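Peer 1: dropping a prediction and its sequence here:
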Amino acid sequence: MISIANRLSGIGEYYFSQKLREIDQLNQQGKQIINLGIGSPDLPPHPSVIQVLQEESAKSNVHAYQSYKGSPVLRNAFAAWYEQWYGVSLDADTEILPLIGSKEGIMHICMTYLNEGDIALVPNPGYPTYRSAVKLAGGTCIDYSLEEATGWQPDFQALDAIIKAHPRKVKLMWVNYPHMPTGQKADDVLLQALIDFGKRNDVLICHDNPYSFILNESPKSLLSVPGAKEVVIELNSLSKSHNMAGWRVGVIAGAADRINEILRFKSNMDSGMFLPLQLAAAKALGLGKEWFDSVNEQYKKRQVKVFEILDYLECSYANDQVGMFVWGKIPVSYKDAYELSDKILYNANVFITPGGIFGKNGEAYIRISLCSTEDKLAESLKRIQSLK
């Protein structure tokens, strides 16, 4: 009998992979489920971006393997984008590494820096992939608690206590602001506190930053803090900001030494990205404020509809949250969010994500995606109202 590797022990199939399969089965039974769970933009990229992909793909000289470090055109576009929107100066040759989606970057970082038994701090609630990648790399996860009462921000005294209890073992800290799933923005005080924590404890702060442009008038990068490059690497992505989730275009930005270290692993995992995709991504990165305004105009209207759903479900929520989800606390009449989510799925044919998949601190919350039309959101509310 062939057995699976030990590294998969305790790691199950990704929640949404499993749930989408169940939803497909329900649809085959004629249920016509409205999926409000996934953060996959339903809006298209800008037409000019698609045009570049079409034109470049038709050329005969663009189909070969590409540089492991990405096209200079794309790296320069990322550098200009960071300068324009975040006020961060990056060397396009040494401080930028394009990715086949930022999700792969999470795995690359863990494989680059974690040895067996090394510790990574992961947010609770937080993106489940942080935990999976740490475990697959042989590392150990220790949660740091985020709670509504403290604005979904880390308790740095508690974090310092973890460091003290595990001397020289904590290597990485995963951070994500604007935070998914709670929609909490980071202010300058929090960004500075993260840098200070990394420096005094010799911990690499890994900032996952794909949501900074969605419903947010002030995009921020952790790299904008003076001295950040000493302890920070940042992941970014075109998936959310430019409606290019399926294109798989992301980036790691940081000090040249960090980029070279991660490249040692990444260059053994892939052979570069299709050049026309890179050139189209560069076009997307050059879009102006009118692009972000047009996208956010749609999301703002949808957010209002989601608030109506949460109001009907008697959930409480912050109306200033950002990103492409809305996070709401469920009524105490439900045991947990799984109970509410299942009730809505199996009786109203609407799927809403239970917050418990993001960690124990999310068990009393649900998350609703803004990646559905206003009509679908209105129909979802109508279906849910039919339950009572």
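Peer 2: In hand now; what should we look at? Here the structure is a predicted model, which is why all the values come from computation and not from measurement.

Peer 1: where do the helices sit along the stretch 1-150 of the chain?
Peer 2: Assigned by DSSP state H, counting those that start in this stretch, the helices in the stretch 1-150 of the chain fall at 15-28, 47-57, 72-86, 102-113, 128-136.

Peer 1: now the ones you listed in a markdown table, with distance to residue 246?
Peer 2: Yep, even glycine has a C-beta here, placed from its N, CA and C like the rest. Output for the helices of the stretch 1-150 of the chain, formatted as a markdown table (distance: least, CB to CB, whole Å):
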| stretch | distance to residue 246 |
| --- | --- |
| helix 15-28 | 15 |
| helix 47-57 | 12 |
| helix 72-86 | 17 |
| helix 102-113 | 12 |
| helix 128-136 | 17 |
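
Peer 1: wait, which of the ones you listed is closest to residue 273?
Peer 2: Set against residue 273 and scored by CB to CB, the helices of the stretch 1-150 of the chain come closest in helix 72-86, at 8.2 Å.

Peer 1: nearest spatial neighbour of the residue positioned nearest the centre of the chain, skipping sequence neighbours?
Peer 2: Nearest residue to the geometric centre of the chain (CA atoms, centre = their mean): residue 210, 5.3 Å. Excluding the flanking residues, the one nearest residue 210 by CB to CB, 6 or more residues apart in numbering is residue 237, at 4.2 Å.

Peer 1: contacts only, for the closest residue to residue 98 other than its chain neighbours.
Peer 2: Nearest non-adjacent residue to residue 98, counting by CB to CB, 6+ apart: residue 70, 3.3 Å away. Neighbouring residues of residue 70 by CB atoms under 8 Å, 6 or more residues apart in numbering: 96-98, 272-273, 278.

Peer 1: try 7 Å this time
Peer 2: 97-98, 273, 278 (CB atoms under 7 Å, 6 or more residues apart in numbering).

Peer 1: residue 149 versus that one, what's the distance?
Peer 2: Separation of residue 70 from residue 149 (CB to CB, to the nearest Å): 43 Å.

Peer 1: name the element residue 196 belongs to?
Peer 2: Here residue 196, judged by DSSP states H and E, is contained in helix 188-201.

Peer 1: in that helix, what counts as buried?
Peer 2: Using 16 or more other CB atoms under 10 Å as the test for burial, helix 188-201 gives 190-191, 193-195, 197-198, 201.

Peer 1: equivalent analysis for stretch 17-37, please.
Peer 2: Neighbour counts over stretch 17-37 (16+ other CB under 10 Å) mark 19-20, 23, 33-37 as buried.

Peer 1: end to end, how far does that stretch reach?
Peer 2: End-to-end distance for stretch 17-37: 12 Å, by CA to CA, to the nearest Å.

Peer 1: contacting residues around stretch 345-359?
Peer 2: Contacts for stretch 345-359 (CB under 7 Å, 6+ apart): 15, 23, 31-37, 124-126, 128, 143, 181, 336-338, 341, 344, 362-363, 365-368, 380, 383-384, 386-387.
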